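S.K.: next comes the sequence, and after it the predicted model I'd like to discuss.
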Amino acid sequence: MRPHTSTPEPATPEQLLYLWLLAQQTGTTFRPADTRQQARREIQLLTELKAGRQNEPPRTDREPFELGRYQTHTGEQRALYGIHTQGAPRIVDASADGPGPMYTMDQNLCETHGPEHLQQIAASYIAEAQRLGRIPLAPLKA
C-alpha cells in the first residue's frame with residue numbers, strides 16, 4: 001500500500017489578485033504563488049509590510065470577492081472582482097484562470113456609487129463585455 005500524498009491546491013485567482021493589489025500598495029514585487037499556502041504566507045508578509053510602512057495598525061481591507069464572469073470571443077475566461085481597499089470600493093477585471101492582464105475600473109465611478117451598487121455596475125460591465133466579446137477596459141489594438 002502506497003502512502004497517501006496530497007497535491008497542494010493551487011493559489012486562487014482571488015489570492016493572486018489580492019497579492020497584486022498589496023504589491024501595488026507597498027511598492028514591492030512578488031513571485032506569484034503556486035499554492036494556496038504560499039499565497040497565504042505572501043499575503044501575510046505584504047500585509048505586515050504595508051502596516052509597517054504606514055506606521056499604523058493594519059487596515060481592515062478585505063480580500064477580493066468575485067462579482068461575476070464572462071468569456072471573450074477568443075475563449076479567455078475573465079472575472080470581475082470587488083475589493084474594499086483604503087476605505088473605498090474597487091472593481092478589477094482579471095483573468096479567472098490565474099495570471100494575466102488586470103484592469104481597474106474607474107475608481108471615481110465606484111466611489112460615487114458606493115459598495116451597494118457594485119453588483120449593478122458589475123452586471124452592466126459583464127453585459128457590455130459579452131456584447132463586445134472582449135475586455136471593455138483593454139485598449140483596442142490597431
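M.R.: Received, thanks.

S.K.: identify the residues contacting Ile91.
M.R.: Leu67, Leu80, Tyr81, Gly82, Thr104, Met105, Cys110, Leu118, Ile121, Ala122, Tyr125 (CB atoms under 8 Å, 6 or more residues apart in numbering). (Each C-beta comes from the backbone N, C-alpha and C, glycine too.)

S.K.: go with 7 Å
M.R.: Leu67, Leu80, Gly82, Met105, Cys110, Leu118, Ile121, Ala122 (CB atoms under 7 Å, 6 or more residues apart in numbering).

S.K.: next one: Tyr125
M.R.: Leu80, Pro136.

S.K.: helix/strand/coil for it?
M.R.: Of the three states, Tyr125 takes helix under DSSP: H, G, I helix; E, B strand; the rest coil.

S.K.: quick revisit: of the contacts of Ile91, which is the nearest to Glu48?
M.R.: Nearest to Glu48 out of the contacts of Ile91 is Gly82 (CB to CB; 24.1 Å).

S.K.: checking that closest one next. Helix, strand or coil?
M.R.: strand.

S.K.: can you pull out the strands in the chain?
M.R.: 65-71, 77-85, 88-95, 103-104 (DSSP state E).

S.K.: those strands into a markdown table, with extra columns for mean pLDDT and distance to Gln38?
M.R.: As requested, the strands of the chain are exported to a markdown table (pLDDT from 0 to 100; distance: least, CB to CB, whole Å):
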| stretch | mean pLDDT | distance to Gln38 |
| --- | --- | --- |
| strand 65-71 | 88 | 21 |
| strand 77-85 | 83 | 20 |
| strand 88-95 | 82 | 19 |
| strand 103-104 | 84 | 25 |
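
S.K.: would you list these in TSV and tack on distance to Leu16?
M.R.: Output for the strands of the chain, formatted as TSV (distance: least, CB to CB, whole Å):
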stretch	distance to Leu16
strand 65-71	13
strand 77-85	10
strand 88-95	8
strand 103-104	15
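
S.K.: figure out which of these is closest to Leu49.
M.R.: strand 77-85 (15.1 Å).

S.K.: determine the longest helix present in this protein.
M.R.: helix 36-54 (DSSP state H).

S.K.: buried stuff in that one?
M.R.: Gln38, Ala39, Glu42, Ile43, Leu46, Thr47, Leu49, Lys50 (16 or more other CB atoms under 10 Å).

S.K.: many thanks, I have nothing further to ask.
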